[in-house]
Structures are given as structure tokens and as C-alpha cells.
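> Provide a 3D model corresponding to the input given below.
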Amino acid sequence: MVAMFLSRCELCVLAVVSLCCIAVVRSETCLDDVKHGDTFLKTLNKFKGKVYKTKGIHENGDTYDYKIGICTRASDDHGFEECAVVQEKSEKGEKKSVCVGRLNATTVVESPGGWIELHYGNGTSYNNHCHGTGRSARILFDCDQFAGKGNPVFVEENNEDNLCYYLFYWRTREMCDKSLSPGAIILIIFAVVLAILLVGMVGGFLYLRFVVGAKGYEQIPFYSHFVEFGNLQADGCDLVCRSRGSVPACIQKPPIITDKTTAPNRDLDSETDEDDRDDTLLPM
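Below is the predicted model:
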């Protein structure tokens, strides 16, 4: 059976990978004898002591009701005192219940990828398959920022190999990392700097407009700096990007004039220059 939130194939990969995780805690009293300081146990403690209900449709089309207790018994019926996961089905007005997993066979697995698996074993034994072993429930908690506290979803009953189990998938916001990532920190800093600049621009505009009485472009704060900065950019572009570069006026060569009619009288100019020099030599 395929869950509405995650494909069966993806869940099977998660279930297999969970066997290789390094953070594994086994307890006969669920979470009572485990250190409270562990991160993943703190997350499970938010669900501890509550019973959640869900429905499951099996491959043969049968529909069952499931009660899942997080470190608490899921049913008050006699004989189910240690049962954490109960499967129920009503036939002809009679309720039939099966214990899928017990509290005294609890395993908690934490994945480096940020999800947790709560495993209940030692349930009611199978009759005709799984070599008569006891049933077990595997509850996979995963992060979903938009799921709120979430609710367990039945995925499948795997009874085709030696790893027989009932798989439930639980999307919850509680599993998400509350710490800020480097990207989020950079985004926050950028937003703060942008807000400061906007407030400064608006405040400066109002001050120049109504207090100083500026008009036109003079109302823009730091307008002269912007203009100067633009000129500097233009000069830099002219210096770097243009192939001929910029030549200072002091070393520029005079233009070549080919039209004789407009050419200056060089002889007259030279005579005038010599007269000026001679005047300085004559006595007063």
C-alpha cells in the first residue's frame, strides 16, 4: 500500500537505512530509563503518554483501525496492558483486536538525516507466515514544517520476508531542526541591512523636503555622492574597458589641418612671439 505523503519505495529505503544508524537505544520501559538529555528523546517526549488513531488499508483490501501509544498502552482491554500498538477490526458486530507491538520491547533509532524510528516488538505471533514470529510495529517520524504535530499514517504490513513489521509514517513539525542554517542567517542580515537603508532613504527624503526645503533631485539623500560614484564608475570603465584608453589633455597632439585656407599664419605667430621676447630685453 502506498502512503499519500511518501512512496512505498522511499519508505523502504528509510527502513533499511535505519538499521545502519549509530544512535540506537533499547529499553524495556520505553523512554523511562534513558537519559533525558538526548536530542531525539526530547522530541519523542513531546508525544509521550498519548494515544493516536489511524486507519490502514491492506493489500487484500481489508481495512483496520490502529491505536498507537507513544510510551503508553494503547488499549484498556484486558490482556493488552503492555501493548503499545493495537490492530482492531469489527466483524458482525464483534471487535477483534491484535497486539502489534509491546512496550517491553522498545527500540529507538535516530538517523543522521534528522528522522527517528520508534520500534515496538514482541507482538502477537503470526499464524501462517513469518515463521510464526511475533508482530512488530515501526513508526517513522520525519520533519515537515507545515504538518503541525501531525498524525501517523499506515503504509504497509510487510510479511514477505524475515523482517515482518507494520510500517507507519509520521510527518511532524517537531522533528525539524530549530537552529538557523547559515543561509538563513545571511538572509536575515541582508533583510536587516536593506530595512535600515530604506528607513534612511525615506527619513532623509522627508527631512530634505520639509525641513531643508530642497527641490528636484536635491531631495534625494546623498544625491551628490551617487553622482560622484557614477562618475567614478564611468572613469573606471573608460580606463579599463576602452581599447585606446584616455589620454590627458596636456599630452594630446594638436589636430592635423589639411585645409590651407584655414591654416593659421605660423610666420605671423612666430614674429609676434619674437617681438614679445624682445620687449622683455629692452630697457624701461
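> residues in contact with the nearest residue to residue 66 once chain neighbours are set aside?
Of all residues not flanking residue 66 in the chain, residue 54 sits nearest, at 5.2 Å (Cβ to Cβ, 6 or more residues apart in numbering). The way it works is simple: take the backbone N, C-alpha and C, and place the C-beta from them, glycine included. Taking Cβ atoms under 8 Å, 6 or more residues apart in numbering as the criterion, residue 54 is in contact with 65-66, 68, 151-154, 168.
> quick check, residue 54 in a strand?
Yes. Counting by DSSP: H, G, I helix; E, B strand; the rest coil, residue 54 is located in a strand.
> Helices of the protein, start to end?
Taking DSSP state H as the criterion, the chain contains helices spanning 8-18, 39-45, 182-206, 223-240, 266-281.
> which stretch in those is the model least sure about?
Note on the helices of the chain: lowest mean pLDDT is at helix 8-18, with a mean of 44.
> Please list only the buried members of the contacts of residue 54.
65-66, 68, 152-154, 168 (16 or more other Cβ atoms under 10 Å).
> In strands, which of those residues fall?
Of the buried ones among the contacts of residue 54, the ones assigned to strands by DSSP state E are 65-66, 68, 152-154, 168.
> Tell me the one of the residues you listed nearest residue 124?
residue 66 (13.7 Å; Cβ to Cβ).
> Next one: the closest one, what pLDDT does it get?
Residue 66 is assigned 96 on the pLDDT scale.
> dump the residue contacts of it.
53-56, 85-88, 100, 152, 154, 166, 168.
> Switch the residues you listed over to CSV; also include pLDDT and distance to residue 78.
Compiled in CSV, the contacts of residue 66 are given as follows (pLDDT from 0 to 100; distance: Cβ to Cβ, whole Å):
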residue, pLDDT, distance to residue 78
53, 94, 20
54, 95, 24
55, 93, 24
56, 92, 24
85, 96, 17
86, 96, 13
87, 95, 17
88, 93, 15
100, 95, 17
152, 95, 25
154, 96, 25
166, 95, 23
168, 96, 25
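> which one is residue 175 nearest to, not counting chain neighbours?
Leaving aside its sequence neighbours, residue 175 sits nearest to residue 143 (Cβ to Cβ, 6+ apart; 4.2 Å).
> And for residue 83?
Counting by Cβ to Cβ, 6+ apart, the residue nearest residue 83 is residue 99, at 4.0 Å.
> so what's the one you found up against?
80, 83, 85-87, 123-124, 135.
> low pLDDT regions in the stretch 51-200 of the chain?
Within the stretch 51-200 of the chain, the segments meeting pLDDT under 70 span 113, 161, 178-181.
> could I have stretch 207-218 exported to PDB, CA atoms only?
Output of stretch 207-218 as PDB, limited to C-alpha atoms (Å, rounded to 0.1, in the frame of the first residue of the first chain):
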ATOM      1  CA  TYR A 207      14.000  65.800   6.100                       C
ATOM      2  CA  LEU A 208      15.300  67.400   2.900                       C
ATOM      3  CA  ARG A 209      11.900  68.000   1.600                       C
ATOM      4  CA  PHE A 210      10.100  69.600   4.500                       C
ATOM      5  CA  VAL A 211      12.900  70.900   6.800                       C
ATOM      6  CA  VAL A 212      15.600  72.000   4.400                       C
ATOM      7  CA  GLY A 213      13.200  72.900   1.600                       C
ATOM      8  CA  ALA A 214      15.100  71.100  -1.100                       C
ATOM      9  CA  LYS A 215      13.500  70.700  -4.600                       C
ATOM     10  CA  GLY A 216      14.000  68.300  -7.500                       C
ATOM     11  CA  TYR A 217      17.000  66.000  -7.300                       C
ATOM     12  CA  GLU A 218      18.200  67.700  -4.200                       C
END
